[in-house]
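Chemist: Would you be able to build a 3D model of this:
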Amino acid sequence: LVVSAAEGSDAWRITSYGFIHDSEHALLAPFPPESAVEVEFTLALSEQFDQAGVFVQADAETWVKAGVEFADASLNLGAVVTLGRSDWSSAPVPDWDGRRVTIRVSRSGDALTVRARVDEEPFRFVRLCPMEATRSLQAGPYLCAPTRSGFSVRFHRWSLTEPDASLH
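Modeler: I've put the predicted structure just below:
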């Protein structure tokens, strides 16, 4: 699946910037309790805030995006958790450029656990965040291009599987 993002597409709510953006591109399907969603794509990010990964949504004010983003001249692995207002965590992964990335979000009990890997390396822990166990959720691949046109991502795989058994 090759997807091209519209210029100005993004997902963010209020914090620090004061705006609400809900124009991300996401292909979502039901995300049942006690399952995991995995999205695999080839990384080719080059402009400020290009991003791709997994989007999990309960409603317009409750969602998580997890993946890789090009910010401040570097590739970063991270997540934005939005429970009314967005937060943002990230860590540089400059050696991931041009490689195959897998983002995995496990739903277990009242939490989502985000993990990621490049190529066939082991998954690394990215984030643990709260999510009500009874919420109806949808999840799937997403991308955004807040600052430019012409950004495309090649998604290789999207699957629903068993959740991770451990937190770390």
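Chemist: which residues of this protein fall in helices?
Modeler: For the chain, applying DSSP state H gives no helices.
Chemist: Work out which residue lies at the spatial centre of it.
Modeler: Centrality entry for the chain: nearest residue to the mean C-alpha point is residue 66, 2.4 Å, by CA atoms, centre = their mean.
Chemist: Tell me the bridge partners for that one.
Modeler: On the basis of DSSP bridges, residue 66 is bridged to residue 54, residue 79.
Chemist: Direction included, what does the helix or strand of the chain with the lowest mean pLDDT pair up with?
Modeler: When each helix and strand of the chain is scored by mean pLDDT, DSSP states H and E, strand 20-22 comes last, with a mean of 87. Looking at strand 20-22 with DSSP bridges, its partner strands are strand 11-13 (antiparallel).
Chemist: What are the buried residues along the partner strand?
Modeler: 11-13 (16 or more other CB atoms under 10 Å). Quick note: C-beta positions are derived from backbone N, CA and C, even for glycine.
Chemist: Nearest to residue 126 among the residues you listed?
Modeler: Set against residue 126, the nearest of the buried residues of strand 11-13 by CB to CB is residue 11 (16.9 Å).
Chemist: Please name the residues that touch the nearest residue to the closest one once chain neighbours are set aside.
Modeler: Spatially, and ignoring its direct neighbours in sequence, residue 11 is nearest to residue 24 (4.0 Å; CB to CB, 6 or more residues apart in numbering). By CB atoms under 8 Å, 6 or more residues apart in numbering, the residues touching residue 24 are 9-11, 55, 65, 142-144.
Chemist: between the residues you listed, which is nearest residue 129?
Modeler: Looking across those and measuring by CB to CB, the closest to residue 129 is residue 65, at 11.3 Å.
Chemist: What is the burial count for the closest one?
Modeler: Neighbourhood size, residue 65 [other CB atoms under 10 Å]: 30.
Chemist: how about it, what does it touch?
Modeler: Contacts of residue 65 by CB under 8 Å, 6+ apart are 11, 24, 51, 53-56, 79-80, 142.
Chemist: That one and residue 25: what is the separation?
Modeler: Applying CB to CB, to the nearest Å, the value for residue 65 to residue 25 is 11 Å.
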